[in-house]
Each structure stands twice: as structure tokens, then as C-alpha cells.
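Peer 1: Quick one, what's the 3D model for this:
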Amino acid sequence: MLELIGCDDSSLVIDKLCNEAIREDAAIACFYFDFAARNEQSPVSMLGSLLRQIVNGLGEIPEAVARGFQEEKMVIGGRGLQVSGILKMFQTITAAKRTFICVDALDECVPEHRMVVLESLGQILQGSRCTRIFMTGRSQVRTEVERKLDGVVTFISIRTTKDGVVRFLLEKLRKDAAPEIMSSTLEADIMKSIPQINSETYVKASSREKLPKQRADIFGSRFLLASLHIKAILRGTTIAGRRKALKAIKGGAGLGDAYGVTLERIKAQDEENTKLAMATLAWICHSERPLQVDELCHALAVEIGTTDFDPENIPSIVTLLHCCQGLITVDKGASVVRLIHHSLQEYLCAHPGLFSKPHSILAETCLTYLNSQQIKNLTSHTLPSGQGVPFLKYSSTYWGTHAGRELSDHAKTLALELLIQYEDHVSAVSLLKQVTRRWYPGDISTAPLFSGLHCASFFGIVELVTAIINLKSYRID
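Peer 2: Here you go, the predicted model:
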């Protein structure tokens, strides 16, 4: 049986298992995946560590282990144990002995290593009915675990609680290396403020659309935030310095460290997941209004410059949540995708190097979508409901806003392609419906002609207005 949970109290489980192991003459081995050491924690090093712990708990080195090491030494030049050899030793040792294996923070393991680790643990379970494995990890690895260990998995989903954060902080304060520079009033303020900061947060409304404040649980990020906050405070060399650090955190400072660490994790993923995560953050950060789930997923499916929209390229929201490592959340009530905290928006905007010309990319994406054959095939007389083309409304309404902020040569080319056939394009109807709904209550299809020149003028993009006039030889008088 394997249990995968999402809490940070795994040490309590390990302590309990260790106590039971002593009473029941059972073997126990533990391994913690650490993001900072991800390149060194290979499947061989992880499995070798578990094997070494089990062997150390025995009275003597089993013959199978000694023989295995000797055989590897006899290979030309000598070599260390391989995964297959370690698994054979595991199965020999644990076949008749009750064994507990604890693997903490599975999600910190490098993806390609994680596949080998899960396959290996599956083989250990199949070869030893006396072995039980306890694992922790964030929900993003659940699909991988189900696929590799199908039929032997029990999942328990546990969200981080405020009480858990409180216990964590109390333990950190108890282990303070400089208790002489901690006062009772400062400690009380820490215990009151940090759990509140980490459990209650809201997402700011965008500049174009005021929305009610939303509370969003940071879940797994709570301990990361609490850890960074308490470390920042305890680094102070005086009570006044520590109090100043707490005041800065209460004012919203300090979250940048957590965001920086998480972005490092995002960039440590494989190329495709990193690219998808950064594109997702760029869209949420720079969109003109909050995007619904389907809108965002369709936007990310667009391959700039292509003439066809491929529905098989649409990522799932589960994939986006996975890739973004907890920096985004879904408001289930409105089906809107948001950043987890308003300060993340500020952090991303304060680091422009994270995204290269975002508004230009967003404009090119919208225009590529509008120029796709699937959209061109839609009739301009009847505006579709949105089913099947959820990105039509946003792209029609805001491509010009993004292009007006950053007009690349490619965006200009794509815009002219759209505008020269604009009178018969469904996006003209969509835009008109958005901008005239207050003063033109009638059937939009009977509205006065809305040309590409009108559209470029509406968005105030002088360069496009000039280009259209030159292309169509309009008389301006």
C-alpha cells in the first residue's frame, strides 16, 4: 500500500513508524527529496540510501548484499551498484521482514528520475508482501503515481492548516539559536501575524475591471511562505532588527523570496513545462481582464503564425496548475484563473525580464487565432455562443489593446491580414457587440459598416491606420 498526502507533518508519521519498528522488530528507511540537491539525488543514490539504512539496522550484512557488492567490484574497472542490483537485494532482505519505506517530497524529484523511482518502488512492493511505503508529495504527481503503481495506492489529500503553521512556527522559535534577542511580545506578534498572513490572502482586481476581493488558500505554499518569513525574522541580530523584519513582512514585503524560489522550481522543469508555465503566468499577469479556464487554455494552444488552430494542442487546467507550481489558482465560482496573491502580480511586473515583450506576444496570439481558418469559416452574421471558440471574445476585443502597447513587425503583418477583410469577419461583430451594447440595443448585424480602418482607428494604432489607407487608397476628406 502506498499513501500520498499533501501535508508537511510527515516527520510525525516517520517518528511513529520508528517507534513501532523498535517494538515490532521491523525495518524502516527514509529518504527526503530536496529541490536544492535535485541533480545529485538520482534513483541509484536514493535506492542505495534506503538499502543502506535497512542493512545498518540488521545484526550483520546479509550474504546477498555482500555478494552483490563483490560482483560489481569484479566488473572491469569496478563500478557501483545499479538499480537492478539494488532491487534484487531489497527483495531478498524484505521478503520475510516487515519493512517500512518513507519517501518525502516526491514532487521535488526530477521528473525523469521520478519515473524510475516509482517503477522501482513498484517492483519492491510486488516482490515483498511485507513492505509498506509511505510517500508525501503535492497533488501534481498524483497522475504519475497512479500510472506507475496502479492498484496498490491509497491517496489521502490533506491541506495545510493554520494549526499546522502554528506548530511549525513554535518549533522554529523553540530552536532559535539566539533566544536572548527574542522578547515575549515579539514572539507573540510573530505567532499572531505570520499564520494570518499565510492563511488569508486576496487577489487584486485588474486595472480594467473591479472585482470583489477573493480569498485564496496557498495550501502547499503556506509552509514555504512561513518558512521564509520566520527565517527572515530570525536572521535579525537584535530584537529591533527582528521586529523591523516582521513589520516589513506584515506590509507585504518578503513574499518576493517565495516567488523567486518557486520560479526557480518552474525553470528547473523540462523545457515544455517551463515554457507552458511562463506563458500561463504571462497571460494571467498581462491580460486585460481575468481569463476563464477555457479562454486561457485555448490561448495557450495557439501557435503564433500558423493558419489552423489545433484543438489537440489545448492543455488541460490540471497541467497548467502542475506546471505553475502553486502560483495560480482557479476561482471555482467564476471559473476564472488567478494568481495566488496580489503581490505576485506586483512581483512579476517588477521583473520585466521574466517575459520578453509580453503584449506583443499576446497580440500575435490573438491575431493568429482570429486569422485561423476555423475562425474565418464562421459567419459574420451570427455571433457564436462561445462553445468551441471561447477565445474569440477576448481576442476580438483586446488584440488591439495589446498591439497598441507593443506592436511588433509580425503583429503588424497579422493585423493587416485581419483588417483588410474585416467587414466580413466575425471578430468585427464580436468587437461591435462589446463596445456598442450600451448605446446600440438592436441587432448588431444591422449596425453600420465597421471596416478595418474603423477598427484600427478605434484602437488608436496610427501605424495600422496609415498602412490601411495606403493599401486601400482611401480618400480622407
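
Peer 1: Isn't Asn313 up against Ala299?
Peer 2: No: when contacts are counted by CB atoms under 8 Å, Asn313 is not listed as touching Ala299 (11.3 Å). Bear in mind the C-beta positions are built from the backbone N, C-alpha and C, glycine included.

Peer 1: Show the backbone phi and psi for the most centrally placed residue in the chain.
Peer 2: Nearest to the geometric centre of the chain sits Cys324, at 1.6 Å (CA atoms, centre = their mean). Dihedral pair for Cys324: phi -80, psi 0, per degrees, to the nearest 10.

Peer 1: I'd like the distance between it and Gly460.
Peer 2: 33 Å (CB to CB, to the nearest Å).

Peer 1: same thing with Gly68?
Peer 2: In terms of CB to CB, Gly68 sits 74 Å off from Gly460.

Peer 1: Same drill for those two, tell me which one is more crowded.
Peer 2: In this view Gly68 and Gly460 are compared by other CB atoms under 10 Å, and Gly68 has more residues nearby, 19 against 11.

Peer 1: tell me what the helix or strand that contains the more buried one is packed against?
Peer 2: Using DSSP states H and E, Gly68 sits within helix 63-74. Packing partners of helix 63-74 (3 or more CB pairs under 8 Å, 6 or more residues apart in numbering; DSSP states H and E): helix 83-94.

Peer 1: Can you name the residues in contact with the helix it packs on?
Peer 2: For helix 83-94, the external contacting residues (CB atoms under 8 Å, 6 or more residues apart in numbering) are 27, 43-44, 47-48, 50-51, 54-55, 58, 62, 64-65, 68, 71-72, 81, 99, 116, 120, 123-124, 127-128, 130-131.

Peer 1: so who does the spatially closest residue to the residue nearest to the centre of the chain that is not a sequence neighbour touch?
Peer 2: Leaving out its chain neighbours, the residue that sits closest to Cys324 by CB to CB, 6 or more residues apart in numbering is Ala277, at 4.9 Å. For Ala277, the contact set (CB under 8 Å, 6+ apart) comprises 266, 269, 320, 323-325.

Peer 1: give me that answer again for 7 Å
Peer 2: By CB atoms under 7 Å, 6 or more residues apart in numbering, the contact list for Ala277 reads 266, 323-324.

Peer 1: Out of these, the closest to Gln292 would be?
Peer 2: Using CB to CB, Cys324 comes nearest to Gln292 of the contacts of Ala277, at 16.6 Å.

Peer 1: name the helices or strands packed onto the helix or strand containing Val55?
Peer 2: Using DSSP H and E, Val55 sits within helix 43-56. Using 3 or more CB pairs under 7 Å, 6 or more residues apart in numbering; DSSP states H and E, the elements in contact with helix 43-56 are strand 27-32, helix 83-94, helix 111-127.

Peer 1: what pLDDT, on average, does that helix get?
Peer 2: Mean per-residue pLDDT for helix 43-56: 89.

Peer 1: Pull out the buried residues from that helix.
Peer 2: Using 16 or more other CB atoms under 10 Å as the test for burial, helix 43-56 gives 43-44, 46-48, 50-51, 54-55.

Peer 1: And for stretch 335-349?
Peer 2: Of all the residues in stretch 335-349, those buried under the rule 16+ other CB under 10 Å are 336-348.

Peer 1: Nearest to Thr238 among those?
Peer 2: Closest to Thr238, out of all of the buried residues of stretch 335-349 and judged by CB to CB, is Ser343, at 27.0 Å.

Peer 1: how far away is the nearest residue to Ala245 once chain neighbours are set aside from Ile239?
Peer 2: Using CB to CB, 6+ apart and skipping residues adjacent in sequence, the residue nearest Ala245 is Ile233, 4.7 Å away. Noted for Ile233: a distance of 11 Å to Ile239, by CB to CB.

Peer 1: out of the two, which sits in the more crowded spot?
Peer 2: Ile233 (27 against 14).

Peer 1: residues contacting the more buried one?
Peer 2: By CB under 7 Å, 6+ apart, Ile233 lies in contact with 190, 242, 245-246.

Peer 1: picking that back up, how about the helix holding Val55 as CSV, C-alpha atoms only?
Peer 2: Below are the C-alpha coordinates for helix 43-56, written out as CSV (Å, rounded to 0.1, in the frame of the first residue of the first chain):
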residue,chain,number,x,y,z
PRO,A,43,17.4,6.8,-8.5
VAL,A,44,20.6,4.9,-7.6
SER,A,45,21.6,7.3,-4.8
MET,A,46,18.0,7.3,-3.4
LEU,A,47,17.6,3.5,-3.5
GLY,A,48,21.1,3.0,-2.2
SER,A,49,20.4,5.2,0.7
LEU,A,50,17.3,3.2,1.6
LEU,A,51,19.1,-0.1,1.3
ARG,A,52,22.0,1.2,3.5
GLN,A,53,19.6,2.2,6.2
ILE,A,54,17.9,-1.2,6.2
VAL,A,55,21.2,-3.1,6.3
ASN,A,56,22.5,-0.9,9.1
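
Peer 1: List the residues that contact His372.
Peer 2: Just so we're on the same page, residue 372 is Ser rather than His. Here Ser372 is in contact with 307-309 (criterion: CB under 7 Å, 6+ apart).

Peer 1: now the angle from the helix or strand hosting the residue nearest to Cys324 to helix 111-127?
Peer 2: Using DSSP H and E, the element containing Ala277 is helix 271-286. Taking axes from the mean of the first three to the mean of the last three CA atoms, to 10 degrees, one finds helix 271-286 and helix 111-127 inclined to each other by 120 degrees.

Peer 1: Please pull up the helix or strand immediately following helix 271-286.
Peer 2: Assigned by DSSP H and E, the successor of helix 271-286 is strand 291-292.

Peer 1: strands paired with that next one, and their directions?
Peer 2: Looking at strand 291-292 with DSSP bridges, its partner strands are strand 336-339 (antiparallel).

Peer 1: on that earlier part again, from the contacts of Ser372, list the buried ones, please.
Peer 2: Buried, going by 16+ other CB under 10 Å: Phe309, out of the contacts of Ser372.

Peer 1: any idea which of the contacts of Ser372 is the one closest to Ala258?
Peer 2: Nearest to Ala258 among the contacts of Ser372: Phe309, at 36.5 Å, using CB to CB.

Peer 1: Next one: the residue nearest to that closest one when sequence neighbours are not counted from Leu234, what distance?
Peer 2: In space, and not counting its chain neighbours, Phe309 is closest to Ser372: 4.3 Å by CB to CB, 6+ apart. According to CB to CB, Ser372 and Leu234 sit 55 Å apart.
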